[in-house]
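Participant: Give me a 3D structure for the following:
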Amino acid sequence: MPQIEVRFPGGKKTETLINGFSVLSDQPESGGGEGSAPSPFDMFLVSIASCAGYYALEFCKGRSIPVDELSVNCTTEYDPERRLIKQININVITPPEFPEKYKDAILKAVDQCAVKRHLVNPPEIAVRAELR
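Facilitator: Model (predicted):
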């Protein structure tokens with residue numbers, strides 16, 4: 001698994017290094033940031049949506065279904081009492097040429113998204129401090 005390192009370039013920004021890539025995040029202006037990049041929580045949601053999109057893409061490509069008009073959108077439902085998202089909705093929008101016979105199958109494929117599966121069966125998260 002990749003080693004992930006987080007650096008702090010200023011303000012409320014982070015730069016996360018993973019597999020040779022640099023991923024920037026910032027807090028929104030309402031949270032004291034500059035709003036110059038997605039927030040870490042936004043990227044959490046992006047990871048779910050893009051993973052679901054990848055599974056939809058692979059499903060269609062594997063059946064030679066055109067993907068020009070294929071898309072996936074993700075919405076959330078918020079629980080104000082708990083101050084947490086209570087539901088993430090993933091909606092697959094198929095192209096006009098999409099065969100009706102594959103409707104249930106593409107949903108089953110998207111349901112196998114690796115990010116979603118890790119949320120349904122979450123790993124243990126251990127937080128430690130390395131004092132120098």
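
Participant: residues touching the residue sitting nearest the centre point of the chain, list them.
Facilitator: The residue lying closest to the centre of the chain (Cα atoms, centre = their mean) is Ser47, at 1.7 Å. Taking Cβ atoms under 8 Å, 6 or more residues apart in numbering, we find Ser47 in contact with Val115. Bear in mind the C-beta positions are built from the backbone N, C-alpha and C, glycine included.

Participant: just the helices in the protein please.
Facilitator: 40-62, 103-110, 114-120 (DSSP state H).

Participant: Just name the most buried of those.
Facilitator: For the helices of the chain, average neighbour numbers computed from mean count of other Cβ atoms under 10 Å are highest in helix 40-62, which has a mean of 17.

Participant: pLDDT of that helix, averaged?
Facilitator: Mean per-residue pLDDT for helix 40-62: 97.

Participant: how much distance is there from it to the middle of the chain?
Facilitator: 6 Å (Cα atoms, centre = their mean, to the nearest Å).

Participant: Could you check the angle it makes with helix 103-110?
Facilitator: Going by axes from the mean of the first three to the mean of the last three Cα atoms, to 10 degrees, helix 40-62 is angled at 130 degrees with respect to helix 103-110.
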